[in-house]
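Colleague: let's see this in three dimensions:
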Amino acid sequence: MRLQPDSMPVAKSSACGESGSLNKVSLALKSVQGRAAPGVFPPDLIVQIKALACELPATYEVPLARWSVADLTRQARQCGLVATISDSTVWRWLHEDAIRPWRHRSWIFPRDPDFARKAGRILDLYERVWDGQPLKDDELVLSADEKTSVQARRRRHSTYPAQPGAVIKVEHEYTRCGAWAYLAALDVHRVKLFGRCERKSGIAPFDRLVAQVMSQPPYTEARRVFWIVDNGSAHRGPRSVIRLQERYPNLVLVHGPVHASWLNQIEIYFSILQRKALTPNDFRSLQALEERLLNFQCYYQQIAKPFEWRFTRRDLQALLNKIQPSWASSSPLAA
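Modeller: Model (predicted):
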């Protein structure tokens, strides 16, 4: 800290030529150097504020679900970390390290004891590898799932398109016209989409999707066709593997870990579909919704490229190492 020039006291000379207030000047200098200048805080305080932001409010018996900047500022004063500080200063410190305790997202803790092996197989397939061997040109990889309860909502008044200075206007009230279960499969490396609308999901609708794909080239004559699926009731367990391989000997059903849909690339397509084709939801009939779903499917595969999947086995191992202590204690294997 440097003493501000305008805060230096003026000393009067004594008769012998020395300053008559030298001792007072020395004391004043030490006092100023011991304090931070206005707007300047010691690094330790910044670290403590960031540490506070990384704790849940319940740790300090504060009845909040998450911190806001104002809450953190108030708690810092109540804990005695600082006498006074502005919200903007706290926000600036948190912004330096991208700490945002006022935001949250949901996640599911891995609880499949065979998570690493199942997830690793899927990640290998995205890199065109199976059992350590590169896939041949006539070996194909598909990602499939169901998007259930896609509703058709007919608005009570027509939707108004965007105008200069005005966004699209959608009537709040609507009439329900029914819902589809949209089943789809994505050829991961060729960006080929297959989809169908069914009244409900289940084994029979999923088998119809499989038949839709496996009845046409190049899947009919392919050496192997890998189907990446989750653990939904339509394709769960060894029975589904036997059922499908009896009909299609070149089909290999690959199940992901329990509650790991984020490994399934078809979910990325579903999110794109939701944003671009289904929001806002304004359809005059169930048939109009079906036409939108299937037409968007054709539209998208004409402009799409394979997803740049960057999560590899190395990233998977780093993730599991990060959560290993608590995961091991909660895993069925630990019991």
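Colleague: please work out how many residues are found near Ala116.
Modeller: If you count neighbours by other CB atoms under 10 Å, Ala116 ends up with 16. For glycine as for every other residue, the C-beta is placed from the backbone atoms N, C-alpha and C.
Colleague: in what helix or strand does the residue nearest to it when sequence neighbours are not counted lie?
Modeller: Spatial nearest neighbour of Ala116, excluding adjacent residues (CB to CB, 6 or more residues apart in numbering): Leu320 at 6.0 Å. Taking DSSP states H and E as the definition, Leu320 sits inside helix 313-330.
Colleague: mean confidence score for that helix?
Modeller: Average pLDDT, helix 313-330: 74.
Colleague: can I take it that Ala181 is in a strand?
Modeller: Yes: per DSSP: H, G, I helix; E, B strand; the rest coil, Ala181 lies within a strand segment.
Colleague: so what's the closest residue to it other than its chain neighbours up against?
Modeller: Once flanking residues are discounted, Ala181 sits nearest to Ser201: 4.3 Å by CB to CB, 6+ apart. Residues in contact with Ser201 (CB atoms under 8 Å, 6 or more residues apart in numbering) are 146, 148, 181, 183, 232, 234.
Colleague: now do 10 Å
Modeller: Shown in contact with Ser201 (CB atoms under 10 Å, 6 or more residues apart in numbering): 145-149, 180-183, 232-234.
Colleague: repeat that for Arg196.
Modeller: Arg196 is in contact with 180-185, 205-206, 208-209, 212, 290, 293-294, 297, counting by CB under 10 Å, 6+ apart.
Colleague: repeat the analysis, applying 8 Å as the threshold.
Modeller: Neighbours of Arg196 in contact, by CB under 8 Å, 6+ apart: 182-184, 205, 208-209, 212.
Colleague: go on, Leu72?
Modeller: By CB under 8 Å, 6+ apart, the neighbours of Leu72 are 49, 52-53, 90, 94, 101.
Colleague: what helix or strand does it sit in?
Modeller: Element membership for Leu72, per DSSP H and E: helix 69-78.
Colleague: quick one: mean pLDDT for that helix?
Modeller: For helix 69-78, the mean per-residue pLDDT is 96.
Colleague: same check, this time on stretch 252-262
Modeller: Computed over stretch 252-262, the average pLDDT equals 93.
Colleague: near Leu193, how many other residues are there?
Modeller: Using other CB under 10 Å, the number of residues around Leu193 comes to 20.
Colleague: ok, what's across the strand from it?
Modeller: Beta bridges link Leu193 to Leu186, judged by DSSP bridges.
Colleague: now, which of the contacts of Arg196 sits nearest Glu267?
Modeller: Ala184 (10.3 Å; CB to CB).
Colleague: and the residue positioned nearest the centre of the chain, what pLDDT?
Modeller: The residue lying closest to the centre of the chain (CA atoms, centre = their mean) is Arg105, at 7.3 Å. Turning to Arg105, the model gives it a pLDDT of 89.
Colleague: please, which helix or strand holds it?
Modeller: Going by DSSP H and E, Arg105 is not part of any helix or strand.
Colleague: Provide a list of residues in contact with it.
Modeller: Contacts of Arg105 by CB under 8 Å, 6+ apart: none found.
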